[in-house]
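Student: Attaching a predicted model along with its sequence, questions to come.
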Amino acid sequence: MAEIEALIVLTTCPKGDAQTLANVLVEARLAACVNILPDVTSVFRWQGRVQRDSEALLLIKTTKARYAGLEQALRDRHSYELPEIIAVSVDAGLPAYLDWLRGSTI
């Protein structure tokens, strides 16, 4: 079995930024697909205080080969001082979908 090189990258952002970030990533072929979950509540510690924000969650489908560029694009365009950028390896998936993902990020 060939190694699967797909990743799912998670990031949260202000709701108003989600569509723009998704478009930039897909248009630049850094992502094959971005799902926008438009209303998540995040509770987190920041600068010594517990914070609570309403945000959008982006589920970004990409490949390991495109990750560095995707991370840089998010860092360049994200409005947060320290954006959440977490990559999760895909261990299995529908072969035809994974082929499409790879082809969409070349």
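Tutor: Sure, I can see it.
Student: list the buried ones in the lengthiest helix in the chain?
Tutor: In the chain, with assignment by DSSP state H, the single longest helix is helix 64-77. The neighbour-count check on helix 64-77 (16 or more other Cβ atoms under 10 Å) flags 66-67, 69-71, 73-74 as buried. Every C-beta, even on glycine, is put in place using the N, C-alpha and C of the backbone.
Student: Show the residue spans covered by the strands in the protein.
Tutor: Under the criterion DSSP state E, the chain carries strands at the ranges 6-13, 33-46, 49-63, 86-89.
Student: right, so those strands: which one is the most enclosed?
Tutor: Mean neighbour count, computed with mean count of other Cβ atoms under 10 Å, is highest for strand 6-13 among the strands of the chain, reaching a mean of 20.
Student: so that strand versus strand 33-46, what angle?
Tutor: 50 degrees (axes from the mean of the first three to the mean of the last three Cα atoms, to 10 degrees).
Student: residues near P95, how many?
Tutor: Residue neighbour count, defined by other Cβ atoms under 10 Å, stands at 10 for P95.
Student: before we move on, what about I85?
Tutor: 17.
Student: wouldn't it be in contact with T11 here?
Tutor: Yes: using Cβ atoms under 8 Å, I85 is in contact with T11, at 5.4 Å.
Student: intersection of neighbour lists for the two?
Tutor: L74 (Cβ atoms under 8 Å, 6 or more residues apart in numbering).
Student: Contacts for stretch 57-67 next, please.
Tutor: By Cβ under 8 Å, 6+ apart, stretch 57-67 touches 5-13, 18, 21-22, 25, 29-37, 40, 70, 87, 89, 101-102, 105.
Student: No further questions, thank you.
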